[in-house]
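Visitor: test case, fold it:
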Amino acid sequence: MLVTYLHCFHQRTKCCLSLLSLSSIIISYTNYKVTNFIILISLVEVHVFFKLIQNSFKGVYFHINQ
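Guide: The predicted structure follows:
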C-alpha cells in the first residue's frame, strides 16, 4: 500500500516538475510581451483608481458643503 502510494507520489512529482519546467519555459518566452502588457494595464488601473479616489473625495466634499 505504502509502496504504491510512494510510487504514485513520485510519478505525480515528476509530472508536476515537468509541467513546471514547461510553464517556466513558456513564461520566460512570453515574459517580455506579458510584462509590457501588465505594466500598461497597471498604469491604466492606477489612473482609473486615482480618478475614482478623486471622484469619491469630490462627492464627500460636496456632501460636507451642502
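Visitor: going forward, measure contacts and count neighbours with C-alpha atoms only.
Guide: Will do.
Visitor: where does this protein dip in pLDDT?
Guide: Scanning the chain for pLDDT under 70 picks out the ranges 1-8, 10, 15-16, 59-66.
Visitor: the residue most central in space within the chain sits in which helix or strand?
Guide: For the chain, the residue sitting closest to the mean C-alpha position, by C-alpha atoms, centre = their mean, is Ile38 at 9.1 Å. Using DSSP states H and E, the element containing Ile38 is helix 2-65.
Visitor: in contact with the residue nearest to the centre of the chain, which residues?
Guide: Contact analysis of Ile38 by C-alpha atoms under 8 Å, 6 or more residues apart in numbering lists nothing.
Visitor: now it: how far from Leu17?
Guide: Counting by C-alpha to C-alpha, to the nearest Å, the gap from Ile38 to Leu17 is 26 Å.
Visitor: do the same with Phe37
Guide: Phe37 sits at a distance of 28 Å from Leu17 (criterion: C-alpha to C-alpha).
Visitor: how about Ile25?
Guide: 12 Å.
Visitor: cool, and Asn31?
Guide: 20 Å.
Visitor: check Asn36 too.
Guide: 28 Å.
Visitor: for Leu40, same thing?
Guide: For Leu40, the distance to Leu17 - C-alpha to C-alpha - is 32 Å.
Visitor: over to Tyr32?
Guide: 23 Å.
Visitor: what about Asn48, how many residues close to it?
Guide: For residue 48 the amino acid is Val, not Asn. 12 (other C-alpha atoms under 10 Å).
Visitor: sweet, I'm off.
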